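K.L.:
A predicted structure for the sequence below; I have some questions about it.
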Amino acid sequence: QTFDIGLIGLSVMGRSLALNIADHGFKVAGYNRSPEVTEQVMKEHPHENLGAFYSLEDLLAALKKPRKIFLMIQAGRPVDAVIDQLTPLLEAGDIVMDGGNSYFEDTNRRFAKLEEKGIRYLGVGVSGGEEGARRGPSIMPGGSREAYEEVSSILESIAAKAMNEPCCTYIGPKGAGHYVKMVHNGIEYADMQLIAEAYLMLKYAGGFTNEELAATFHEWNEGELKSYLIEITADIFREKDDLAPGYLIDHILDSAKQKGTGRWASIESLHQGVDISMITAACNARVMSNQLEQRKAASGLIPDTLPAQNAENIPYSGDKKAFASMVRDALYSGKIIAYAQGFALMNDASAQFEWNLDLGRIASIFRAGCIIQAAFLNDITEAYHRDKGLPNLILDEFFLARINQNQNSLRRVVSTAILNGLPVPAFANAVSYLDEFRSKANGANLIQAQRDCFGAHTFERTDRDGAFHHEWRESL
Ligand code: 6PG
């Protein structure tokens, strides 16, 4: 019993994490359902702290007690199948961690099931892709706090570091860790969609070449937009194609896939009653992008612009620098609103599920290692330091000032896109959200009147307390 932790599932993410843990001086017992994968890992990545096991019994027998087992397998049924195989072999006090992108309700269920047997369970959100897993991911563990204390030395040592702090913290009970990972992915979808829309604007409304796009994103990455996604975007525009002349980006099919975690966030927001319209718009944009045949047919039927009418409305005068800074400012304010929506969803979950989430700490572990890592997460961390109970990030003094400074660019980008027939669902939803958020008049008085008129659903009055019903003479 000399191994500190068992790692089940040695495909790309699992093996990267196993090697990361091994690098930090912990002895890792690796196991994969297909033995060939284990053999391949041992051959290609031999490591003095990594041992190979070919049965779950042997793996468990090799672990120090209480045993710590990390699952890095495909979310969904495979996780239940492995837990079912493991359960009879485990003892009370053992710790099982699921590092996949599991649905948080599944994690709630698994937590409760294993708790009955005294087995401690952690649903662990892990972000950062292969490179993150290997060199330092952002880690979001939820479930048994006591179990977390026992594995924290491993998880915190392998996590990315931001300002010398590990990007790993106990998130909250049961499925809270996977919930936060789900929202992280929702924000990731919105962030990527905003960047894609900025690209559309620059390319089709501004006439930017790939080299100009690369230079623009590179420049943006030096300022307040500094982030992993902007950095890789700049690099992507520079990539030449191997199979055909020109740049790779122009040979990639315009149809985005998804595995569904962003969609879960969107579905959950409707259940909870929190508006995360930008994340939902980003999910829908991927769905619409998949309708290649219909899009092709419709593009011949519906002209994209009415040039004679819109020419004077387009603020683009040919000054590429000015155009790029307008798009940059719009992107920055759109990003604030997307993160505000994601954090508002977590804020609501914290109250509804009594998870007591520390949103400032969560922002701080997103500062490095994960896909949405960005300089701007320091500002979010600070906003929650100023006010732990901040209901919406937009109301923080720093972000409020930025929104007020940049909202004009956001509006101009949306109007330019609309007049040019360019689809910008994330930008457009950012403006709508902002206007719903700040507007004194949302038209809901009329909706209440309609509801009362057709269904006697009652309404509240502005000048008196209570629920009123009116006999609607005019509609009869
Ligand atoms: C991460 C990512 C990762 C996710 C991919 C793909 O944080 O490392 O969120 O977990 O699986 O980004 O997601 P989609 O296939 O849904 O785009």
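P.N.:
Received, thanks. Residues are numbered from 1 along each chain as shown.

K.L.:
Please make it C-alpha for all contacts and neighbour counts, starting now.
P.N.:
Fine.

K.L.:
I'd like to know which elements the helix or strand where residue 283 lies is packed against.
P.N.:
Per DSSP states H and E: residue 283 is located in helix 277-289. Other helices and strands packing on helix 277-289, by 3 or more Cα pairs under 8 Å, 6 or more residues apart in numbering; DSSP states H and E, are helix 176-200, helix 261-272, helix 320-352, helix 425-438.

K.L.:
center of the chain, which residue is that?
P.N.:
Closest residue to the average C-alpha location of the chain: residue 185 at 2.0 Å, with Cα atoms, centre = their mean.

K.L.:
where's that one relative to the ligand, distance?
P.N.:
Using Cα to the nearest ligand atom, to the nearest Å, residue 185 is found at 5 Å from the ligand.

K.L.:
List the residues that contact that residue.
P.N.:
Each residue near residue 185 by Cα atoms under 8 Å, 6 or more residues apart in numbering is listed here: 261, 262, 265.

K.L.:
try 10 Å this time
P.N.:
101, 127, 179, 191, 260-265, 279, 342, 370-372 (Cα atoms under 10 Å, 6 or more residues apart in numbering).

K.L.:
and the closest residue to the ligand within the stretch 101-250 of the chain, what does it touch?
P.N.:
When distances are taken as Cα to the nearest ligand atom, the stretch 101-250 of the chain reaches nearest to the ligand at residue 127, 3.4 Å away. By Cα under 10 Å, 6+ apart, the contact set of residue 127 is 99-101, 133, 136-140, 159, 181, 184-185, 366, 368-373.

K.L.:
Give the bridge partners for it, please.
P.N.:
For residue 127, the beta-bridge partners under DSSP bridges are residue 138.

K.L.:
for the protein, where's the lowest mean pLDDT among helices and strands?
P.N.:
The weakest-scoring helix or strand in the chain, judged by mean pLDDT, DSSP states H and E, is helix 307-310 (a mean of 50).

K.L.:
how far away is residue 150 from residue 4?
P.N.:
Here residue 150 is placed at a distance of 11 Å from residue 4 (Cα to Cα, to the nearest Å).

K.L.:
and what of residue 170?
P.N.:
According to Cα to Cα, residue 170 stands 20 Å off from residue 4.

K.L.:
who in the stretch 51-200 of the chain is up against the ligand?
P.N.:
127, 128, 129, 185 (Cα under 6 Å from any ligand atom).

K.L.:
how about the strands in this structure?
P.N.:
Here the chain has its strands, by DSSP state E, at 5-8, 28-31, 50-53, 68-71, 95-98, 120-127, 138-143, 161-162, 165-166, 459-460, 467-468.

K.L.:
May I see the ones you listed organised as a markdown table, with mean pLDDT added?
P.N.:
As requested, those are arranged in a markdown table below (pLDDT from 0 to 100):
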| stretch | mean pLDDT |
| --- | --- |
| strand 5-8 | 98 |
| strand 28-31 | 98 |
| strand 50-53 | 98 |
| strand 68-71 | 98 |
| strand 95-98 | 98 |
| strand 120-127 | 98 |
| strand 138-143 | 98 |
| strand 161-162 | 96 |
| strand 165-166 | 97 |
| strand 459-460 | 98 |
| strand 467-468 | 98 |
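
K.L.:
tally of neighbours for residue 402?
P.N.:
Residue 402 has 16 neighbouring residues, counting by other Cα atoms under 10 Å.

K.L.:
Actually, residue 446.
P.N.:
Neighbourhood size, residue 446 [other Cα under 10 Å]: 10.

K.L.:
what separates the residue of the stretch 351-476 of the chain found nearest the ligand from residue 134, distance-wise?
P.N.:
For the stretch 351-476 of the chain and the ligand, the shortest gap (Cα to the nearest ligand atom) falls at residue 371, measuring 5.2 Å. Separation of residue 371 from residue 134 (Cα to Cα) stands at 14 Å.

K.L.:
what do you get for residue 392?
P.N.:
Separation of residue 392 from residue 134 (Cα to Cα): 34 Å.

K.L.:
between those two, who's got more neighbours?
P.N.:
Remark: of residue 392 and residue 134, residue 134 carries more neighbours, 22 against 16, as counted by other Cα under 10 Å.

K.L.:
I'm done for today, thanks for sticking with me.
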